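>>> Give me a model of this one.
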Amino acid sequence: MARHPDAVVVGGGIIGCAAAWRLAAEGLSVVLVERGEIGREASWAAGGILTPVHLAEYPTPLASLCTASMRLYEPWVRELRALVPFDPEYRVTGMLVAVFDDAGAAAARTLEEWKRRHGQPVERLSREEALALEPRLAPTLREALLLPDIAQLRNHRMAPALAEAAARRGAEIRAQTAVTGFLRVPGRITGVKTSRGDLYAGTTVLAAGAWSGELARTVGLDLRVRPVRGQILLSEAAPGFCTRVVLETDTYFVPRLDGRLLIGSTVEEAGFDRSVTLEGVRHLSARAAAILPDSARLPLLGSWAGLRPATPDRLPFLGRCGMEGLILATGHFRNGILLAPLTAGIVADLLLGRPPSVPLEPFDPRRTFPPGPA
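Numbering: from 1, shown residues only. Below you'll find the model as predicted:
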């Protein structure tokens with residue numbers, strides 16, 4: 001590697017690791033720095049559903065971004081698996097959106113209309129048809145939507161695999177290396193200050209998730225990113241307990257091949273507190289029992305919480321920020337796993353001077369917001 005790399009990527013979650021792999025595959029010299037272990041923050045804590053939970057309610061630019069990245073995912077995973085021996089358990093299981101009340105019915109109609117308008121597969125099911133597919137659903141079910149094209153994967157395996165792929169392409173991976181600030185000359189970022197010394201680079205990519213705002217403030221950038229806690233439960237069921245992702249309002253079930261069942265998730269303004277709370281466990285357990293009653297008797301294997309990087313308008317920050325030498329790729333909130341392949345391509349395009357594959361104006365880090373919290 002050159003004495004000063006072409007790029008330093010700050011953040012070892014799925015976004016940062018995907019960017020490092022893509023840049024290294026383009027022939028650039030890359031160093032990735034991560035304050036803790038690779039992929040152990042929001043990327044590890046997520047559910048691994050490769051669709052937004054409420055796609056029809058998203059701002060149009062974000063919905064388009066998510067749809068574009070969904071199309072990239074299967075070939076992206078296939079390319080990664082050819083380079084790194086791991087099993088992401090990428091599976092197109094489909095999603096069943098369960099409807100139990102009037103509010104759920106209205107939301108289902110909106111989603112169905114959105115899907116049909118955008119040419120995406122969707123099927124409305126009667127109560128009997130839905131129960132035939134997922135017989136453990138509560139008998140109070142009214143109807144459901146079937147989204148047959150929705151995929152899932154074991155998200156906690158992705159960032160380490162991406163980091164290994166980047167290393168095999170020549171990138172240097174520095175875990176347990178905290179970034180404490182940026183190196184700069186007037187008008188330009190020239191690298192980062194770390195717990196292991198200064199690291200100069202041609203371009204710095206800030207992909208530090210919920211911690212991005214704190215780092216940006218060290219150079220006077222008011223990057224409106226805040227942490228939003230999400231708690232999740234892991235239970236043990238027999239394989240086939242349910243066969244599809246099941247969604248009802250903000251509660252979802254993700255069945256894994258080995259029978260394990262994820263139940264998520266909360267959306268909490270708790271700062272940087274990653275605690276699992278009794279209230280969070282109680283809420284998720286009660287919601288799970290109301291949707292899939294048999295889940296109340298499943299053994300609880302564990303619980304955890306992650307900090308999602310949220311922005312005021314739900315759109316990520318993608319692009320340059322007016323300070324030379326710095327590219328932002330952060331603020332993906334609940335869609336970091338899904339948006340990783342597209343974001344990595346955008347970072348590479350920007351660094352190499354190519355037109356990005358999607359318009360970046362809606363995601364401009366310099367956009368303004370009304371005063372108040374992120």
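
>>> from here on, contacts and neighbour counts on C-alpha atoms
Noted.

>>> check contacts around G11.
17, 32-35, 206-209 (CA atoms under 8 Å, 6 or more residues apart in numbering).

>>> please redo it, this time with the cut-off set to 7 Å
33-34, 206-208 (CA atoms under 7 Å, 6 or more residues apart in numbering).

>>> Pick the one among those residues closest to L326.
Nearest to L326, judged by CA to CA, of the contacts of G11 is L206 at 7.3 Å.

>>> close enough to count as contact, the closest one and G12?
No - taking CA atoms under 7 Å as the definition, L206 is not a contact partner of G12, at 10.4 Å.

>>> who's more crowded, those two?
G12 (33 against 24; other CA atoms under 10 Å).

>>> Relative to V33, how far out is the more buried one?
Counting by CA to CA, to the nearest Å, the gap from G12 to V33 is 7 Å.

>>> Correct me if wrong, but L262 is in a strand.
Yes - according to DSSP: H, G, I helix; E, B strand; the rest coil, L262 belongs to a strand.

>>> where are the low-confidence patches of the stretch 251-374 of the chain?
372-374 (pLDDT under 70).

>>> re the thing from before, let me have the contacts of G11 in a markdown table, extended by pLDDT, distance to A105 and secondary structure.
What follows is the contacts of G11, written out as a markdown table (pLDDT from 0 to 100; distance: CA to CA, whole Å; DSSP: H, G, I helix; E, B strand; the rest coil):
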| residue | pLDDT | distance to A105 | secondary structure |
| --- | --- | --- | --- |
| V33 | 98 | 46 | strand |
| E34 | 98 | 44 | coil |
| L206 | 98 | 41 | strand |
| A207 | 98 | 38 | coil |
| A208 | 98 | 38 | coil |
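
>>> ok, so of these, who is nearest V77?
Nearest to V77 among the contacts of G11, with distances taken as CA to CA, is A207, at 20.5 Å.

>>> one step back: which of the contacts of G11 lies closest to A171?
Using CA to CA, the contacts of G11 come closest to A171 at V33, 10.7 Å.

>>> Quick check: the closest one touching A175?
Yes - assessed by CA under 7 Å, V33 is found in contact with A175 at 5.9 Å.

>>> Looking at these two, which is more packed in?
Counted by other CA under 10 Å, V33 and A175 do not tie: V33 has more neighbours, with 27 against 16.

>>> And the nearest residue to that one once chain neighbours are set aside, how close does it get to C321?
Nearest residue to V33, sequence neighbours excluded (CA to CA, 6 or more residues apart in numbering): R174, at 4.8 Å. Distance, R174 to C321, by CA to CA: 25 Å.

>>> Following element in sequence after the lengthiest helix in the chain, please.
Longest helix in the chain by number of residues, with DSSP state H as the criterion: helix 60-83. Note on helix 60-83: by DSSP states H and E, the next helix or strand toward the C-terminus is strand 91-92.

>>> Pull the residues that contact that following strand.
149-153.

>>> Go again with 10 Å.
The contact list for strand 91-92, computed with CA atoms under 10 Å, 6 or more residues apart in numbering, reads 50, 74, 148-154, 244-245, 256-257.

>>> Name the nearest of the residues you listed relative to R217.
Nearest to R217 among the contacts of strand 91-92, with distances taken as CA to CA, is L50, at 31.8 Å.

>>> what's the neighbour count on the closest one?
Neighbour tally, L50, other CA under 10 Å: 25.

>>> and if you look at the one 5 residues further on?
Applying other CA under 10 Å, we find 18 other residues in the vicinity of L55.

>>> show me the contacts for it.
Taking CA under 10 Å, 6+ apart, one finds 62-64, 66-67, 110-111, 114-115 in contact with L55.

>>> go with 8 Å
L55 touches 63, 111, counting by CA under 8 Å, 6+ apart.

>>> Could you list the buried residues of stretch 35-54?
Within stretch 35-54, the residues scored as buried using 16 or more other CA atoms under 10 Å are 35, 38-53.

>>> returning to that earlier point: any common contacting residues for G12 and V33?
What both G12 and V33 touch, as defined by CA under 8 Å, 6+ apart, is the set A175.

>>> from the contacts of strand 91-92, which is closest to T368?
L50 (29.4 Å).

>>> For that closest one, report the pLDDT, please.
L50 carries a pLDDT score of 97 in this model.

>>> Correct me if wrong: it contacts N155.
No - with contacts defined as CA atoms under 8 Å, L50 does not count as touching N155, sitting 9.8 Å away.

>>> Name the residues contacting each of the two.
I337.

>>> quick revisit: nearest to E164 among the contacts of strand 91-92?
R154 (16.4 Å).

>>> quick revisit: who are the packing partners of the longest helix of the chain?
helix 158-168, helix 336-352 (3 or more CA pairs under 8 Å, 6 or more residues apart in numbering; DSSP states H and E).

>>> To A24, which of those helices lies closest?
Here helix 158-168 is closest among the helices and strands packed on helix 60-83 (CA to CA), at 6.1 Å.

>>> Show me which residues of that closest one are buried.
158-167.

>>> how about the helices in the protein?
14-25, 42-45, 60-83, 102-117, 127-133, 158-168, 212-217, 278-291, 336-352.

>>> Turn those helices into CSV, columns for distance to L307.
Formatted as CSV, the helices of the chain follow (distance: least, CA to CA, whole Å):
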stretch, distance to L307
helix 14-25, 14
helix 42-45, 6
helix 60-83, 20
helix 102-117, 27
helix 127-133, 34
helix 158-168, 16
helix 212-217, 12
helix 278-291, 14
helix 336-352, 12
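
>>> for stretch 222-238, what is the average pLDDT?
pLDDT averaged over stretch 222-238 gives 97.

>>> brain fart, stretch 75-84
pLDDT averaged over stretch 75-84 gives 97.

>>> So for that stretch, what gets flagged as buried?
77, 80-81, 84.

>>> cool, and stretch 21-36?
Neighbour-count burial for stretch 21-36 [16+ other CA under 10 Å]: 21-25, 28-35.
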